[in-house]
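Enquirer: let me see the structure of the following:
(one chain, ligands or ions: 1)
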Amino acid sequence: MVNVPVFKQFDDRNELADKLAGKIAAQLQESIDNNGKASLLVSGGSTPLALFKRLSQTAIEWRKVYVSLVDERWVAKEHADSNERLIRKYFLQNLAASAKFVGLKNMYDTPETGVPMTEDHLASFPRPFDVVVLGMGNDGHTASWFPCSQEIDQALSTDSLLLAVNPGAAPHPRISFSAKAIENARQIYLHLHGDDKLATLEKALEGDDVKAMPIRYILQHKSAAFDVYWSK
Ligand SMILES: O=C(O)[C@H](O)[C@@H](O)[C@H](O)[C@H](O)COP(=O)(O)O
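Expert: Model prediction:
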């Protein structure tokens, strides 16, 4: 048994997507009902596609939901590896098309020079974030907090909202929310598929070196509700 507060296991990835989309939608709508607006950060990569499709078909007041990305590859928005391209194609469609999306990529040549403009663009983004959906790599990275990057110390310690990251073992320079920006979310979901990622999570739970496996930062520091959703 995985030793986290809430571990939900599914045999089918589509069933996971249905259940997680329903929970996220309910939490966003509750925040809208209480605060007049809500905020959601999602990760890129391959894991969340079914979740994005379900969310796009879920009936809440999306026009009052601010959506952004946990991290972004510093590539053109039309690039195949762009997370913005991914969520515009699979999430910001159908009922969710009216969501207030704020992307992380801008016209600057590098994420280092682009961070200030993106922080300006996020000035009215509601915080603390209501919901953050994290993925994880088998090196224990989450967001773009890559253990192989020179910026891993900064990612896990800065008080800044965003930072630039240059991963050694993954393509493209990145822009990413910092650990302190993420940990204060009201709800964090870690969305995982496959036995390899389950083994990686269990390894992360056994140790405490956060720079070696940055997901540990969330496992150790979260003030938020923290649920793991896993399917084979
Ligand atoms: O931009 C990204 O790549 C993601 O934000 C990243 O943090 C992702 O969640 C993990 O790398 C897992 O990716 P997969 O879902 O493709 O395994």
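
Enquirer: flag the shaky bits of the protein, pLDDT-wise.
Expert: 222 (pLDDT under 70).

Enquirer: show me where it has its strands.
Expert: All strands of the chain, identified by DSSP state E, fall at 6-10, 38-42, 65-69, 71-73, 100-101, 131-134, 162-165, 174-177, 187-193, 225-231.

Enquirer: top helix in the protein by residue count?
Expert: helix 13-35 (DSSP state H).

Enquirer: show me the contact partners of it.
Expert: 8, 10, 37-40, 50-51, 53-55, 58, 60-61, 64-65, 126, 130-131, 133, 186-187, 189, 191, 193, 227, 229-232 (C-beta atoms under 8 Å, 6 or more residues apart in numbering). Any C-beta I mention is one placed from the backbone N, CA and C, and that applies to glycine too.

Enquirer: are that helix and the ligand in contact anywhere?
Expert: No. Using C-beta under 6 Å from any ligand atom, we find that helix 13-35 stays clear of the ligand, coming within 11.5 Å at best.

Enquirer: now do stretch 71-82
Expert: Yes. Stretch 71-82 reaches the ligand (C-beta under 6 Å from any ligand atom) through D71.

Enquirer: which residues are contacting that stretch?
Expert: Residues from elsewhere that reach stretch 71-82, judged by C-beta under 8 Å, 6+ apart: 43-44, 83-85, 103-105, 110-111, 114, 143-144, 164-165, 171-177.

Enquirer: go with 6 Å
Expert: The contact list for stretch 71-82 (C-beta atoms under 6 Å, 6 or more residues apart in numbering) reads 83-85, 104-105, 111, 143-144, 172-176.

Enquirer: quick one: end-to-end length of it, please.
Expert: Stretch 71-82 has its terminal residues 10 Å apart, counting by C-alpha to C-alpha, to the nearest Å.

Enquirer: which of the residues in that stretch are buried?
Expert: Neighbour counts using 16 or more other C-beta atoms under 10 Å place D71, E72, R73, W74, V75, S82 of stretch 71-82 among the buried residues.

Enquirer: about what we covered before: can you flag the buried ones in the contacts of helix 13-35?
Expert: Buried subset of those (neighbour count, 16+ other C-beta under 10 Å): 10, 37-40, 50-51, 53-55, 58, 60-61, 64-65, 126, 130-131, 133, 186-187, 189, 191, 193, 227, 229-231.

Enquirer: which residues touch the residue in the chain positioned nearest to the ligand?
Expert: Residue nearest to the ligand within the chain: G135 (2.2 Å; C-beta to the nearest ligand atom). For G135, the contact set (C-beta under 6 Å, 6+ apart) comprises S43, G45, T47.

Enquirer: from what I can see the last one touches H193, true?
Expert: Yes. In terms of C-beta atoms under 6 Å, T47 counts as a neighbour of H193; the distance is 5.4 Å.

Enquirer: anything in stretch 208-225 near the ligand?
Expert: No. Figure legend: stretch 208-225 not in contact with the ligand (C-beta under 6 Å from any ligand atom); closest approach 9.7 Å.

Enquirer: quick one: terminal-to-terminal distance for that stretch?
Expert: 20 Å.
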